[in-house]
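Engineer: just a sequence and a predicted model for now, questions to come.
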Amino acid sequence: MSKDVRQFTVAADDDGVRLDRWFKRHLPQVGFATVSRWARTGQIRVDGKRAKPEDRLAQGQVLRVPPGGDAPKGKPAPKRRELSDEEIASAQAMVIEKTPAAIVLNKPPGLATQGGTKTTSHVDGLLDAFMDEGDPRPRLVHRLDKDTSGVLLVARTPGSAAFFSKRFSGRSAKKIYWALVAGVPDVAHGLIEAALAKQPGTGGEKMHVDEENGQPAKTRYRVVDRAGNRAAWVELEPLTGRTHQLRAHMAAIGHPIVGDGKYGGQDAFLTGSVSRKMHLHARRLIIDHPEGKGYGKKLDVTADLPEHFAASMEQLGFDPNLSDAAPTEGPPERSKEEKKQAARQHAKQMRKSKPTRRGRAVANAAPSKKPTGKGGGKGRR
C-alpha cells in the first residue's frame, strides 16, 4: 500500500451517511466525479471491499482513501449542554421507546418542540439528556405544535435523521391523531381537501383556507364516537404536512378542536368541567426503520393520552378501546343511494361552515348512522 493511501475510521457522527456525502463533509476539495472514478476503479475501499458512492457507511467501518486531497477535517466533539437533574428526569420521562436509530417521545402539551422568541423550555433543549460521551447529538426530524401532545420521533445519528426525514417528506410515514371536536360532523368519515395559506395580519402565526393561493392540504377523518350533539371523538390522519393543518381543517368544517381558541374562538370550548386545554394528541406513528440496526423494518409506536385528555374522554363517556388508531386505506365501496345520501349530508355540513370557500370534505365520505339534528355544528352544551 502506498504511503499516500490513508485509512480512516467512520465516526459516530457519520453513521448512516452516504460515501459521497462523507467526502463532501470531510474532503470537499475532492469532487463527485473524482469520488465516482475512484469507486469505479476500486481505489476506495470500505472494510477492504469495493464501495459505491451511494453506499451508506456505518460507525466503526474502515475507509481507505487514495492519494489526493488533504486529511479529513476534524470536527470538534459536540458540546453537551448542562441540564439540571429535573430537566434530565423530564426528558427521560417522555421516552416511549429507544432503538439504535431513534428515540421516540411522548411530548406533553404545553412544551414547545423547538425554541424561538421568548421560548426557553423546549424538547430540542432537552435532547442532551440522551447523549453519551462522544455520541452525536440527537436531532428532531418533525414537529408537534406546543399544545399538541403525543408521539415525537428524534433521530440518534445524522444518517438516521436523513432516513426518517425522507419518510416524513415522502408521506410514507403514517400519523394518526386523536381529537375531541365541538359538535358532531354530519358526515361520519371522509376526506377534507382545503388549501391552506398564512392568514394576513397574523405574522404567519395562523393559517386559513385559501383555494386560490394556498398550498394543497388533505386530511382524512373518522368519527369514532359522539356525546349527543355536544362533542365528538375523531381520528385524524394528515395526508399532507401543512402548518396547523388539522386545527384549521376541523375549524373549516365547523367543528373546531376542543380547547383550540385560536381557530375556533369561544365555540371551541365546552361548557361544564371539560378542560379548556387543547384536545389534539398524536396517538400513533408507523414509519420505516433503517435496516442493519438490529431492529425490525417498521417502527410502530403508540402514545398514552395526557391527563386532561383522558379525563375529558371519561367525562364525555368515550371508551379509548373503540379506536386502535389504524391508518385508513379508504372506506369500502358504497351503493349509489349511500353515495347520494353522503353527498346531501356533505352539502348540508358545508353550508353550516362560515365563511365561504372552506374547501371540500368529501370524496369517500359515509353518512353518520345517528341523526345529528340542526345542532350538529353548534351543539356545545
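Structural biologist: On my side now, so go ahead.
Engineer: what about the residue lying closest to G264 once chain neighbours are set aside, neighbour count?
Structural biologist: Of all residues not flanking G264 in the chain, P256 sits nearest, at 2.6 Å (C-beta to C-beta, 6 or more residues apart in numbering). For every residue, glycine as well, the C-beta is placed using N, CA and C. P256 has 28 neighbouring residues, counting by other C-beta atoms under 10 Å.
Engineer: ok, I176 next?
Structural biologist: Residue neighbour count, defined by other C-beta under 10 Å, stands at 25 for I176.
Engineer: how close does it sit to A12?
Structural biologist: Remark: distance between I176 and A12 (C-beta to C-beta, to the nearest Å) = 33 Å.
Engineer: next one: V301
Structural biologist: V301 sits 24 Å away from A12, taking C-beta to C-beta as the criterion.
Engineer: those two: who's more crowded?
Structural biologist: Taking neighbours as other C-beta under 10 Å, V301 and A12 compare with V301 leading, 21 against 16.
Engineer: am I right that the more buried one is in a strand?
Structural biologist: Yes: the assignment for V301 by DSSP: H, G, I helix; E, B strand; the rest coil puts it in a strand.
Engineer: which residue packs closest to it, ignoring adjacent ones?
Structural biologist: Once its chain neighbours are removed from consideration, V301 has its nearest residue in V104; the separation is 4.8 Å (C-beta to C-beta, 6+ apart).
Engineer: thought the residue nearest to G264 was touching Q266?
Structural biologist: No: between P256 and Q266 no contact is recorded; they are 9.9 Å apart, counting by C-beta atoms under 8 Å.
Engineer: R247 belongs to a strand?
Structural biologist: No: read with three-state DSSP, R247 is helix and lies in no strand.
Engineer: mind checking how far it is from N213?
Structural biologist: When distance is defined by C-beta to C-beta, R247 is 20 Å away from N213.
Engineer: can you check V258 too?
Structural biologist: When distance is defined by C-beta to C-beta, V258 is 30 Å away from N213.
Engineer: which one's more surrounded, those two?
Structural biologist: Residue environment comparison for V258 versus N213 gives the larger neighbour count to V258, 29 against 9, counting by other C-beta under 10 Å.
Engineer: ok, now which ones touch the more buried one?
Structural biologist: The neighbourhood of V258, defined by C-beta atoms under 8 Å, 6 or more residues apart in numbering, consists of A179, L180, V181, A182, A231, A268, F269, L270, V274, M278, H279, S312.
Engineer: now do F309
Structural biologist: Contacts for F309 were tallied using C-beta under 8 Å, 6+ apart; they are S149, W178, L180, S275, K277, H279, H281.
Engineer: pLDDT wise, what is it at?
Structural biologist: With respect to pLDDT, F309 has a value of 98.
Engineer: confirm it sits in a helix?
Structural biologist: Yes: in this structure, F309 lies within a helix as judged by three-state DSSP.
Engineer: from G259, how far off is it?
Structural biologist: Per C-beta to C-beta, F309 is found 9 Å from G259.
Engineer: what do these two both touch?
Structural biologist: Listed as contacting both F309 and G259 by C-beta under 8 Å, 6+ apart are S275, K277, H279.
Engineer: okay, now the first one: neighbour count?
Structural biologist: To tie it back to what came earlier, the one meant is S275. S275 - counted by other C-beta under 10 Å - has 19 other residues nearby.
Engineer: same check on the second one?
Structural biologist: Other residues near K277 come to 18 when the count uses other C-beta under 10 Å.
Engineer: I figured it hits T148, correct?
Structural biologist: No: here K277 lies out of contact with T148, judged by C-beta under 8 Å, at a distance of 10.6 Å.
Engineer: looks like S172 contacts H289 (just checking).
Structural biologist: No: taking contacts as C-beta under 8 Å, S172 lies outside contact range of H289: 11.9 Å.
Engineer: and those two? which has more neighbours close in?
Structural biologist: It is H289, of S172 and H289, that has more neighbours when counted by other C-beta under 10 Å, with 19 against 11.
Engineer: what sits closest to that one if chain neighbours are left out?
Structural biologist: The spatial neighbour of H289 that comes closest, neighbours along the chain excluded (C-beta to C-beta, 6+ apart), is L299 at 4.5 Å.
Engineer: possible to save the shared contacts of F309 and G259 as CSV with secondary structure?
Structural biologist: Shown next, in CSV, are the shared contacts of F309 and G259 (three-state DSSP):
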residue, secondary structure
S275, coil
K277, coil
H279, coil
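Engineer: which residues of this structure fall in helices?
Structural biologist: 19-26, 32-40, 85-93, 158-169, 245-252, 261-264, 307-315, 336-352 (DSSP state H).
Engineer: highest mean neighbour count out of those?
Structural biologist: Of the helices of the chain, the one with the most neighbours on average (mean count of other C-beta atoms under 10 Å) is helix 245-252, at a mean of 26.
Engineer: state the mean pLDDT of that one.
Structural biologist: 98.
Engineer: could you break the chain into its assigned domains?
Structural biologist: Following automatic domain parsing, one gets these domains for the chain: 6-65, 87-169, 174-274+316-367.
Engineer: make TSV from those and add distance to R81 to it.
Structural biologist: Putting the domains of the chain into TSV (distance: least, C-beta to C-beta, whole Å) gives the following:
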stretch	distance to R81
domain 6-65	17
domain 87-169	4
domain 174-274+316-367	28
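Engineer: wait, which of those is closest to L285?
Structural biologist: With distances scored as C-beta to C-beta, the stretch of the domains of the chain nearest to L285 is domain 87-169 (4.3 Å).
Engineer: now that closest one: average pLDDT?
Structural biologist: Per-residue confidence for domain 87-169 averages out to 91 on the pLDDT scale.
Engineer: and for stretch 201-214?
Structural biologist: When pLDDT is averaged over stretch 201-214, the result is 88.
Engineer: now swap in stretch 188-196 and tell me
Structural biologist: Model confidence over stretch 188-196 averages 95 on the pLDDT scale.
Engineer: gap between it and the chain center?
Structural biologist: When C-alpha coordinates are averaged (C-alpha atoms, centre = their mean, to the nearest Å), stretch 188-196 and its chain have centres 18 Å apart.
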